[in-house]
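Asks: Structure for the following, please:
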Amino acid sequence: MRRLITAFTAGALALGIIAGPALAKQPAKAPTIVDVAIEVNSSGPFAGAFDTLIAAVLAADPAVLQTLTSNGQYTVFAPTDDAFAAIGLNPGNIGTAISQDALTEVLLFHVAKGERYAADVVTSSQIRMLNGDFAMVDGATIDGANIIVTDVDAPRNGIIHAVDAVLLP
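Replies: Numbering: from 1, shown residues only. Coordinates of the predicted model:
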C-alpha cells in the first residue's frame, strides 16, 4: 500500500511539473460586465457611483446575474446611484422597496442583446431590450435618459454605457 501511495504521489508530482507551466500560461478569464461594473465602482472617477445598481443585480432574480456573467454578448445601460435615488431607491432599500419581479423587469429593460458601441446606439431609433420591450433612442438619450459615459468594454461579454436616469418599462 505504501508503494502504491508513493507511486501515486510521484505520478501526481510529475504531472504537476509537466502540466504546471502549461496551465500557468493560460490567460485568466476576461472580465464580465459584472466584473467591470464592480471595478469601475471600486476606484477611479466613478468610485461608489454604482452601489445601487450592484445591489439591484444581487437582489433581482438570479437569472439577471447569470446573464451578465455569461458568455453571450450584451449591452448594458447602467443607471448611476443618483438615477436610482431620483426614484427613491438606494442600496439599503433596493431589496424591500420594490418586488424582486419588478426589479428584474426594470433591470432587463437596461440590457440589450449584442455588443452596441455608442456609434451604434446613437444611430438607432429603438433598441429591443431583454425584457422584450423597445427603448427609444434619440441621439445620446435612451428613453429620456442621457447616456453620460460610453463604451466601457467588458472583454468577455459586452459593453456598458452609464445613464443618468433609470429606464422604466
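Asks: what about the strands in the protein?
Replies: 74-79, 111-113, 126-128, 134-138, 141-142, 145-154, 158-163 (DSSP state E).
Asks: which one of these is the most hemmed in?
Replies: strand 74-79 (a mean of 24; mean count of other CB atoms under 10 Å). Heads up, the C-betas are built off the backbone N, CA and C, glycines and all.
Asks: relative to strand 145-154, how tilted is that one?
Replies: Calculated by axes from the mean of the first three to the mean of the last three CA atoms, to 10 degrees, strand 74-79 forms an angle of 130 degrees with strand 145-154.
Asks: In terms of secondary structure, what does strand 74-79 contact?
Replies: The criterion is 3 or more CB pairs under 8 Å, 6 or more residues apart in numbering; DSSP states H and E, and the helices and strands that strand 74-79 contacts are helix 33-42, helix 51-59, helix 62-68, strand 111-113, strand 145-154, strand 158-163.
Asks: what does that strand contact?
Replies: 33, 37, 50, 52-53, 67-68, 110-116, 121, 127, 130, 135, 142, 145, 147, 157-167 (CB atoms under 8 Å, 6 or more residues apart in numbering).
Asks: same thing but 6 Å
Replies: Contacts of strand 74-79 with the rest of the structure, by CB atoms under 6 Å, 6 or more residues apart in numbering, involve 33, 53, 110-112, 116, 142, 158-163, 166.
Asks: I'd like the residues you listed laid out as a markdown table, including distance to A63 and pLDDT.
Replies: Converted to a markdown table, the contacts of strand 74-79 look like this (distance: CB to CB, whole Å; pLDDT from 0 to 100):
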| residue | distance to A63 | pLDDT |
| --- | --- | --- |
| I33 | 14 | 97 |
| L53 | 17 | 98 |
| H110 | 14 | 98 |
| V111 | 11 | 98 |
| A112 | 16 | 98 |
| R116 | 21 | 98 |
| I142 | 23 | 98 |
| G158 | 16 | 97 |
| I159 | 20 | 98 |
| I160 | 19 | 98 |
| H161 | 22 | 98 |
| A162 | 23 | 98 |
| V163 | 22 | 98 |
| V166 | 20 | 98 |
